[in-house]
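**Q** prediction below, plus the sequence it came from.
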Amino acid sequence: MITHILKMQKTDLPLAVKLRPSNFDEFIGQKHILGEGKLLRRVITARRIGSLILWGPVGSGKTSLGYIVAKELGADFEYLNAAFSSVAILKKTIEKAREKVQKGAKTVVFLDEIHKFNKLQQEILVPDTESASIILIGATIYSPYYYLIPSLISRSIVAKFKPLSKEEIILLLRRAIQDKKKGLGNMNLIVTDEALEYIAVAASGDARSALGALDIGAFSTNTKQDKEVTLDLEAAKECIQKKVFYDRQNLYHYDTISAFIKSVRGSDVDSALYWLAKMLKAEEDPRFIARRLVILASEDIGNADPFALVLATSCFKAVEFVGVPEANLILAQTTIYLAGSNKSNSAYLAINAALEDVENQETKEVPDHLKTHAKDYKYPHSFGGYVEQNYGSSKKYYFPKSVGHEKQIKSFLEALHKNNTKP
């Protein structure tokens with residue numbers, strides 16, 4: 001038997017719920033883990049499944065897979081949401097599952113938003129996952145390796161879900177339009193290809209959002225019974241808002257800033273602007289972006305273009321001063337300049353090499369002639385700006401590149417040390 005938190009008539013259920021797949025043949029997406037012959041699918045169909053942690057964006061099929069697992073195992077399905085389920089409710093659900101085990105029955109406990117449980121609450125689940133009193137399926141949009149206790153992860157298969165592709169969303173929408181039993185097949189509904197394309201793109205991999213938009217469009221575009229309902233591009237635009245799946249607390253946040261920085265480092269201006277736009281659309285803190293640009297200006301450009309650091313620092317101050325949305329332009333200008341600048345990581349490599357020596361080698365004493373008020377120190381300006389003397393290290397750390405302004409630094413230093421003569 002399958003229980004669900006929704007207590008509505010079937011006709012009142014959202015389209016995404018009515019079309020929930022009941023087997024793998026109906027399931028769309030996640031072929032990398034659930035395709036024919038893939039390990040997770042084999043484990044489920046062989047009924048050798050223990051606990052599962054499903055990690056991925058909303059609308060990617062995590063709950064649907066939970067139902068399929070319960071059906072494949074012939075188990076009862078208990079849905080809980082950690083956001084509003086108390087420990088008392090969880091314990092009561094587990095106790096019921098233990099009683100069913102005595103009768104030879106299994107229970108799948110689907111715990112949505114499992115990351116909302118703190119560590120002590122998560123510990124409650126460990127004994128019963130260990131004894132197989134319950135088959136736990138935890139669902140989260142966050143990396144379980146950051147939010148879940150190791151004892152739960154070690155007892156579970158962790159499966160990462162991906163957003164559905166545009167093609168998969170369109171396939172799902174077409175099924176919904178044609179399905180006469182659970183979908184909209186009994187309506188005289190025409191959906192243009194442009195409308196389907198728009199909904200699929202705007203949903204950003206979220207099947208629930210796409211089906212919700214189709215549902216709204218079908219029943220709000222034309223309310224007259226027995227009349228042809230046409231959902232065109234303009235109507236589709238009114239039914240769904242563009243989604244940007246991005247969360248400042250997790251990997252999506254770090255992955256996006258990583259793609260942004262690597263695009264700037266790789267001098268791909270257009271990709272850098274795209275990732276910048278995604279972060280700005282998701283309301284990322286502009287100061288966070290600006291700080292990363294300041295770091296990049298030294299780490300990846302350095303003395304190849306010393307002005308890059310000046311501009312990046314000014315960008316940070318300007319962003320703090322003007323705020324959004326005007327800060328978007330300042331960030332874009334700085335991004336374009338840095339991406340279009342000569343690149344050198346010589347300063348980054350030099351200081352890291354020096355730090356490594358300080359960490360791993362015997363610390364050197366300051367030479368007597370370099371100490372405060374030393375009498376034997378040779379003042380370079382007394383010798384025309386340069387004089388050969390021991391400054392404490394015989395090892396070379398800085399290897400300038402022949403790019404941008406750093407090319408001039410390289411020529412200057414090489415001339416200084418050539419035959420110990422002045423340039």
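**A** Arrived safely, thanks for sending.

**Q** now the residue lying farthest from the centre of the chain. Its backbone dihedrals?
**A** For the chain, the C-alpha farthest from the mean C-alpha position belongs to residue 375; by CA atoms, centre = their mean, that distance is 59.7 Å. Torsion angles at residue 375 (phi, psi; degrees, to the nearest 10) stand at phi -90, psi -30.

**Q** ok, residue 335 next?
**A** Dihedral angles (degrees, to the nearest 10) for residue 335: phi -60, psi -50.

**Q** where does the prediction get shaky in the chain?
**A** For the chain, residues meeting the criterion pLDDT under 70 lie at 1-11, 222-227, 241-252, 419-423.

**Q** domain parsing for it?
**A** For the chain, the structural domains run 10-160, 166-239, 251-339, 358-399, going by automatic domain parsing.

**Q** span of the second one from start to end?
**A** Think domain 166-239. 17 Å (CA to CA, to the nearest Å).

**Q** who does residue 109 bridge with?
**A** With DSSP bridges as the criterion, residue 109 is bridged to residue 78, residue 136.

**Q** for the chain, what spans make up the strands?
**A** With strands called from DSSP state E, the chain shows them at 51-55, 76-81, 107-112, 135-140, 156-160, 189-191, 229-231.

**Q** can I get those strands in a markdown table with mean neighbour count?
**A** Where C-beta positions appear, they are placed from N, C-alpha and C, glycine not excepted. A markdown table is the format used below for those (neighbours: other CB atoms under 10 Å):
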| stretch | mean neighbour count |
| --- | --- |
| strand 51-55 | 25 |
| strand 76-81 | 19 |
| strand 107-112 | 25 |
| strand 135-140 | 26 |
| strand 156-160 | 18 |
| strand 189-191 | 19 |
| strand 229-231 | 19 |
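
**Q** I'd like the ones you listed as TSV, with distance to residue 316 appended.
**A** Formatted as TSV, the strands of the chain follow (distance: least, CB to CB, whole Å):
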stretch	distance to residue 316
strand 51-55	34
strand 76-81	40
strand 107-112	40
strand 135-140	34
strand 156-160	34
strand 189-191	47
strand 229-231	46
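
**Q** coming back round to it: quick check: chain neighbours aside, which residue is closest to the residue farthest from the centre of the chain?
**A** residue 369 (7.9 Å; CB to CB, 6 or more residues apart in numbering).

**Q** and the one you found, how many neighbours?
**A** 13 (other CB atoms under 10 Å).

**Q** ok, which stretches of the stretch 251-400 of the chain are helices?
**A** Using DSSP state H, counting those that start in this stretch, the helices found in the stretch 251-400 of the chain span residues 251-265, 269-281, 286-296, 307-322, 327-339, 346-360.

**Q** same list, these, but as JSON lines with distance to residue 200 and mean neighbour count please.
**A** As requested, these are exported to JSON lines (distance: least, CB to CB, whole Å; neighbours: other CB atoms under 10 Å):
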{"stretch": "helix 251-265", "distance to residue 200": "20", "mean neighbour count": "18"}
{"stretch": "helix 269-281", "distance to residue 200": "18", "mean neighbour count": "18"}
{"stretch": "helix 286-296", "distance to residue 200": "29", "mean neighbour count": "19"}
{"stretch": "helix 307-322", "distance to residue 200": "35", "mean neighbour count": "17"}
{"stretch": "helix 327-339", "distance to residue 200": "27", "mean neighbour count": "19"}
{"stretch": "helix 346-360", "distance to residue 200": "43", "mean neighbour count": "13"}
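
**Q** compare those and report which one is nearest to residue 398.
**A** helix 346-360 (4.2 Å; CB to CB).

**Q** gap between the closest one and the chain center?
**A** Computed by CA atoms, centre = their mean, to the nearest Å, the chain-centroid distance of helix 346-360 equals 32 Å.

**Q** related to what we said a few turns ago, residues in contact with the residue nearest to residue 375?
**A** Residues near residue 369 by CB atoms under 8 Å, 6 or more residues apart in numbering: 375, 376, 377, 378, 389, 390.

**Q** any idea which of those residues is closest to residue 305?
**A** residue 389 (31.4 Å).

**Q** neighbours around the closest residue to that closest one other than its chain neighbours, how many?
**A** Spatially, and ignoring its direct neighbours in sequence, residue 389 is nearest to residue 378 (5.1 Å; CB to CB, 6+ apart). Residues within reach of residue 378, counting by other CB under 10 Å, total 11.

**Q** wait, doesn't residue 378 sit right on residue 385?
**A** No: between residue 378 and residue 385 there is no contact under CB atoms under 8 Å: 12.0 Å.

**Q** how close does residue 125 get to residue 167?
**A** As judged by CB to CB, to the nearest Å, residue 125 and residue 167 stand 37 Å apart.

**Q** do the same with residue 146
**A** 31 Å.

**Q** kindly report the same for residue 185.
**A** Counting by CB to CB - residue 185 and residue 167 are separated by 21 Å.

**Q** so which of the two has more stuff around it?
**A** Under the neighbour definition other CB under 10 Å, residue 185 and residue 167 were set side by side, and residue 185 has more, 13 against 10.

**Q** was I right to think that one contacts residue 178?
**A** Yes: Residue 185 is within contact range of residue 178, at 5.2 Å (criterion: CB under 8 Å).

**Q** and residue 303, what does it touch?
**A** Going by CB under 8 Å, 6+ apart, residue 303 touches 344, 346, 347, 400, 404, 405, 406, 409.

**Q** identify the residues contacting the third one.
**A** Shown in contact with residue 347 (CB under 8 Å, 6+ apart): 298, 299, 302, 303, 398.

**Q** right, and residue 183 touches residue 173 too?
**A** No: using CB under 8 Å, residue 183 makes no contact with residue 173, being 9.7 Å away.

**Q** residue 200: neighbour count?
**A** Residues near residue 200, counting by other CB under 10 Å, number 25.

**Q** so what's the residue count around the nearest residue to it once chain neighbours are set aside?
**A** Closest residue to residue 200 apart from its sequence neighbours, by CB to CB, 6+ apart: residue 169 at 3.9 Å. Residue 169 sits with 28 neighbouring residues when counted by other CB under 10 Å.

**Q** quick one: residue 169 from residue 56, how far?
**A** According to CB to CB, residue 169 stands 15 Å off from residue 56.
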